[in-house]
Structure formats: C-alpha cells, structure tokens
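Chemist: curious how this folds, go ahead:
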Amino acid sequence: MADVPQPSADPLPAAPGPVAGSDSPFPVARVEAEEEAGLSVRDRLLLKLLGARRLALGSTPQDRLWGWLGPALVALLAGGLRLWDLGRPGNLVFDETYYVKQAYTLLRVGFEAKWPEDPNPAFEAGNVDTFLNLPDYVVHPPLGKWMIAGGMQLFGGAENPWSWRISTALVGILAVFLLARIARRLFASTAMGVLAGGLLAIDGMAIVHSRTGLLDNFLMFWVLVAFGFLLLDREQARRRLADRVAAVVDSGREIGRYGPQLGWRWWRFAAAVSLGLACGVKWSGLYFLAVFALLSVLWDATARRTVGIKRWWEDALLADAVPAALVMLPTAALTYLATWFSWFRSPSSYMRDWAAEHPGEGVQWLPEALRSLWAYHQKMWDFHTGLSAEHSYASKPIGWIVQWRPTSFYYRDGSDGVTGCGYDECARVITSLGNPVLWWSAALAIVATVVLLVWRKDWRATAVLSGLVAGWLPWFAYPDRTIFTFYAIVFTPWVVLALVYVVTVLLEATDRDRTARGWVIWAVTALLTAIVVMSIFFYPIWTAMNVPEWFWRLHMWLPSWI
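Modeler: As a prediction, this is how the structure comes out:
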C-alpha cells in the first residue's frame, strides 16, 4: 500500500465526497487517479471499503506515537479526577448501600447475604461483618458486584471506603483510554480521538459514576469494549473481503451473485463475550447485544455491495447474518451464564435449591440447577417490570439527554454536622449531573447526526447512533417504571462521540476554505473552553467537597436540579 495517500499535517485531510456505492468518504476523482497510477485490485478495493484516511492513519511514526500517547494523557487526566480523595465521603452513597455490601458478602461467603436492620453506620465505621448467614433476594446478576469485590480484595478491604470505589474508578479511567482509541479509529483522526477521550475524562456523569460503587459504570465499560471489538472486526472483515475478491478478479474471473466466505471472526467473538459480560452486570446489556449484532451485519452487507457482489443482500444474510447469530447469541448466553459461577457454587445462594423444593414445577427439561436459576430469573423479571414505586429523583428518559432531572447521590448539610467550609452553612454534595454545556451541545449534535445519516448515509453516523439506540431508546418503552437519569452513563460515550462526529464533519467540510475553517476552529475552541470551565465549576458538587451552601445553590440552575 505504498501508493496510498499519506496523511497531511492537518489531522483531517479533505474529503469532498463519497465513492459511489461505498460507505467510506473518499473522493471519486482521487480514486480514479489512483487507478491510473496503477494500484492493484486489492488496493483499490481497500480504498473503497476503508477510505484513504483510515489507510493512512498511523502511517507515520509521529501519528503512531500520538495514537497511544494522546489517549494515555487523557486517561492520566481522568485518573487524577477520579482517584483524588476517592474515599470521600466515608459513607455509603446512594445505591452503594446495596451493591457494596452485596459485593462484600460475595467475597466472604460466596453469595449475597442479608443484613440486619440499619447496618450502614456499623459498616461505615469499619464493623463490616454484621451480615446474617441467610441469602438475600437481589435483582441484578453478580458480575458487577464481583468487580467491586475485587477492588476490596486488592485494595485495603471493606473497612476502607476507598476500596469500595477503586474498581469502578479504574474502569472509568480505562473507558477514557478506550474511547480515545475507538474514536481515533472511527473518525480516522488521532486529534479527534484525543478530543473524545478528553471530553469523557472531564464529564460529570462519568466522574460521578467512577467515584461511586454502583453497577452502571461496569455496564458502560463492557458495552464500550464490545463496540471497540466490532470496529476492529469491521476493518478485519473488509480487509479479508478485499483480499478474496481481488484474488477472484486477478485470476480472470468475474464477481458473481455471491461473494467469498470471510472465515472465523475473532473480534466479533470477543465482542459477543464482552456483551455477555455486560448482561452479567445488568440485563440492559441485552439491548446492546441486539443493536450491535444488527450493526455488524449491516456493515457486512454494505461491504459486499461496495465490492460489486450482485446479490449482496442475500449474500450478507447467508454468509454473515446467520453465522453472526450462531456465534454471537450462544457465546453471549454462555458468557452470561458463566457470570453466575458463585451462585452455582454455593448451595446457600438465593433460590439455589428451588427445583428440589418444587418438584414438577418450572421448565422440566432443564437440569435442576438451571431450572432453579430460570425460576429466579422469572422472579427478577417480575421485579423489574413491576417497579413503579414513587421516588423523588425518578425521571423520564426524554429529559435524560438534557439532564433535566439529575440524580442526587449524596447530600449532607449543617443539620448533619457538616462544618469547616469557612461559612456558617456548609454542604457536601454528589449530584450525578453531566457537564451541562457538553450535554446540551451533544443533544443538538445528535439531531445533526440523524440528519447527516439520512443526507450522507455516513457509516460513522450509524456507529455513533447505535449506542444511543441501544442505551437510551429502550427506556421509552417503560413509561410507568421507576427509572433515573443516572442510567444515561451507559450511553455517555456515544453522547461524546455524537459531539465529536459533528466537529469532525465540520472540519472536513471546511478543509479547503480557509476562512470557514477558521470560524469552525474558533467556535470549537470556544465550546471546548466553556466545557472545561463548567467541569472546573461543577467538580466540587460531583465529588462531595466541603463547600458553602450558597456555593452549592449557585450550581442549581434549574429547579429540577434540586
């Protein structure tokens, strides 16, 4: 590929228009010029399937260096924001009261045990062994709690509040690094990758979830890992397709109604494992499994159309969709089942002996252990679908994208003995509120992304919207269920990607117009400056810093934020 155009000094070279029949942005005139220059069939196919920018990405030592160093630097920033004084507050925050104590009993006895009445004061004071030798009824799979337990085991024990949160903090830091690498590949730009990672590093939603021992940050991490694997699979599959179609053409034959098989797809298999792990944290990972599997097959179909396979839709169905289903669904299911290893291992687990105690009931063809687990899952399903209790911070999903009703995780003021801020009235607060400027801008960017998808049929827009479709839209189907804005953490990376995508398109569109590009750069710089300033301003109420009560109220811009 020595003749592929090399990247210019600008991280986003010009892209006047797409190749006909391709979902990769690359100008037709340039393709024709490369053909005249004598590129091989394989290289011409790669240009159509991946685009010149992706083929040129990382082709210089400097770009390869910054491709790793840039993400590492924003991950370092994320680490500082997440690890600093991680043990503050020393109280169980919001749903930590469930997950941290459940994680500890998993570590101690192998199952989620019950606790006596009002166990938190003793637990917070370091008396962590007051749990009862009875199983507790829990409504989420165990993997996320095992991840919390791992942090306790490795970093100081349950007596140290820092250990309650270290696992989710490390996962949040790694997610920043992963998003930077993912965005770099998605937008074929190291600069845009670093921008995406940097925005996630300083967003309030991501910071709060990385500093509290809840499950949702782990769910976000595993679906992000799966998305990254699918991007790798997309590229690997297209390279294989180019190789095998080129071999047909070079042998003197024509591309017929059907194309070649692409062989075993290790990256897609890895994505299925990751999605199974996501479901092992929370069942809402199932939505990502469905959407991402469909996205992967859609990418295969457009690739087959691009290389000239005549019956590409049928070919994609038989050669790609069916194998994808036969690999991804059983793999995800078996991985999910494996996350219940401690439930199978411990005879004291909740409903572990249900089948033995209820002969003739349940799914009779299943083995006894699986019949018990199935009955347990039915009970969990009834809980989730019937959850309609009133909660002061419940919110409708339509408002999540603009952070209309953020969730208060923690609030203590002078009446709770909070002093020492230099004023008579002090407060320590954790509000799961995304950076307002980032989220409000991203809400507009999502609308623009939908328009660009319809107008340009850009595969990148589809990729960006996939996480929003999987993580946000399903909640609209539960209008009567008690749900919260903090669930939005699972699709926060795609909120960031939507904003970065629009920035990328604007830079591409103005590449040859110096004046227009100057205005775009000025506007983007102003927006990023405002986002950074807002993160500095809101950081104290994301992290329970001791502040005057008037300072906290200064942040409550909307009545619905209180």
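
Chemist: you'd agree T431 is in a strand?
Modeler: Yes - using DSSP: H, G, I helix; E, B strand; the rest coil, the secondary structure at T431 is a strand.

Chemist: let me know whether it touches S408 as I believe.
Modeler: Yes - here T431 lies in contact with S408, judged by Cβ atoms under 8 Å, at a distance of 5.5 Å. For glycine as for every other residue, the C-beta is placed from the backbone atoms N, C-alpha and C.

Chemist: what about those two, which has more around it?
Modeler: Of the pair T431 and S408, T431 is the one with more neighbours under other Cβ atoms under 10 Å, namely 24 against 18.

Chemist: tell me the pLDDT of that one.
Modeler: The confidence metric pLDDT takes the value 97 at T431.

Chemist: what do you get for G21?
Modeler: The predicted local confidence for G21 comes out at a pLDDT of 34.

Chemist: next one: the one 4 residues further on
Modeler: According to the per-residue confidence, P25 scores 37 in pLDDT.

Chemist: try E34
Modeler: The score at E34 is 45. That number is its pLDDT.

Chemist: cool, and the one 10 residues further on?
Modeler: R44 is assigned 94 on the pLDDT scale.

Chemist: count of residues packed around L275?
Modeler: The criterion is other Cβ under 10 Å. On that basis, L275 has 30 neighbouring residues.

Chemist: just the element for it, please.
Modeler: Using DSSP states H and E, L275 maps to helix 266-279.

Chemist: now that helix: buried residues?
Modeler: Within helix 266-279, the residues scored as buried using 16 or more other Cβ atoms under 10 Å are W267, R268, A270, A271, A272, V273, S274, L275, G276, L277, A278, C279.

Chemist: where's the nearest residue to the fourth one once chain neighbours are set aside, which helix or strand?
Modeler: Spatial nearest neighbour of A271, chain neighbours left out: F229 (3.9 Å); criterion: Cβ to Cβ, 6 or more residues apart in numbering. Applying DSSP H and E as the criterion places F229 in helix 216-250.

Chemist: so how far is that helix off the chain centroid?
Modeler: Put simply, helix 216-250 sits 17 Å off its chain's centre (Cα atoms, centre = their mean, to the nearest Å).

Chemist: how about stretch 112-128?
Modeler: On the basis of Cα atoms, centre = their mean, stretch 112-128 is displaced by 32 Å from the centre of the chain it belongs to.

Chemist: next one: stretch 238-254
Modeler: Using Cα atoms, centre = their mean, the distance from the centre of stretch 238-254 to the centre of the chain it belongs to is 36 Å.

Chemist: which residues does it contact?
Modeler: Contacts to stretch 238-254, defined as Cβ atoms under 8 Å, 6 or more residues apart in numbering, come from residues 40-42, 45-46, 49-50, 255, 259-260, 262-263, 303-304, 307-308.

Chemist: mark which of the residues you listed are buried, thanks.
Modeler: Buried, going by 16+ other Cβ under 10 Å: R42, L45, L46, L49, L50, G259, P260, L262, A303, R304, V307, G308, out of the contacts of stretch 238-254.

Chemist: give me the subset of those residues lying in strands.
Modeler: Under the assignment DSSP state E, the buried ones among the contacts of stretch 238-254 contribute nothing to strands.

Chemist: which one of the residues you listed is nearest D416?
Modeler: Of all the buried ones among the contacts of stretch 238-254, the one sitting nearest D416 is L50; the distance, using Cβ to Cβ, is 57.5 Å.

Chemist: in the stretch 51-200 of the chain, which spans are helices?
Modeler: When secondary structure is read from DSSP state H, counting those that start in this stretch, the stretch 51-200 of the chain shows helices at 52-56, 61-83, 96-109, 120-124, 143-154, 161-187, 190-202.

Chemist: residues touching G422, list them.
Modeler: Taking Cβ under 8 Å, 6+ apart as the definition of contact, the neighbours of G422 are P548.

Chemist: how about it, secondary structure?
Modeler: Judged by three-state DSSP, the three-state class of G422 is coil.

Chemist: tell me how far it lies from S415.
Modeler: When distance is defined by Cβ to Cβ, to the nearest Å, G422 is 18 Å away from S415.

Chemist: repeat that for A226.
Modeler: Counting by Cβ to Cβ, the separation of A226 from S415 is 45 Å.

Chemist: ok, the two, which is more surrounded?
Modeler: A226 (26 against 7).

Chemist: now do the residue nearest to that one when sequence neighbours are not counted, the pLDDT please.
Modeler: Take A226 and drop its neighbours on the chain: the residue closest to it by Cβ to Cβ, 6+ apart is S274, 3.9 Å away. Here the pLDDT value assigned to S274 is 98.
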